[in-house]
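[1] what shape does this take:
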Amino acid sequence: MKVLNIDTEYYLYPKDIVSQSDFAKFLNNTSDKFISLKKLLQERCVEPYFISEDIKEVVLNINNINEFSDAEVVVMENEAYEQMLENIKKKLCKKCEYKDDCEDLREVLCLNGTCISFCEE
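    Predicted structure coming up:
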């Protein structure tokens, strides 16, 4: 799904806005200093994969936005995320030197099969 990447954080597009150019027009035309957006939290997942239960309504000060762009992400329910994570873990972690030391794989193991802590035995 296409979302907004605003200053390295991810947000769902506001209603009726589907591109970064539409978002730029929206920002230029609004008289509001603050806008409400739905943020994709990166606390229990590794981008570009996000958990639908971890979407939070936030308010942004548009004067503090430095840059934004389109981004492609996958948003899924926690149960599906957990199942995919377990499948990746079974394949990747058995080859890793740190397999017994990883505490929270949700912070390091991406569903695309990459891991920032991976070191082959």
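[2] can you name the residues bridging to Ser36?
    Val59 (DSSP bridges).
[3] tell me the mean pLDDT for the longest helix along the chain?
    Secondary structure assigned by DSSP state H gives helix 78-92 as the longest helix of the chain. Across helix 78-92, the average pLDDT comes to 92.
[4] quick check: buried residues in it?
    81, 85, 88-89, 92 (16 or more other CB atoms under 10 Å). All C-beta spots, glycine's among them, are computed from the backbone N, C-alpha and C.
[5] Serialize the residues you listed to CSV and add fields for distance to Glu103.
    As requested, the buried residues of helix 78-92 are exported to CSV (distance: CB to CB, whole Å):
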residue, distance to Glu103
Tyr81, 18
Leu85, 14
Ile88, 17
Lys89, 13
Leu92, 16
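[6] who's in contact with the helix or strand bottoming out on mean pLDDT in the chain?
    Least confident helix or strand of the chain, by mean pLDDT, DSSP states H and E, is helix 78-92 with a mean of 92. With contacts defined as CB atoms under 8 Å, 6 or more residues apart in numbering, helix 78-92 is touched by 44-45, 49, 51-54, 76, 105-106, 109-111, 113, 115, 118.
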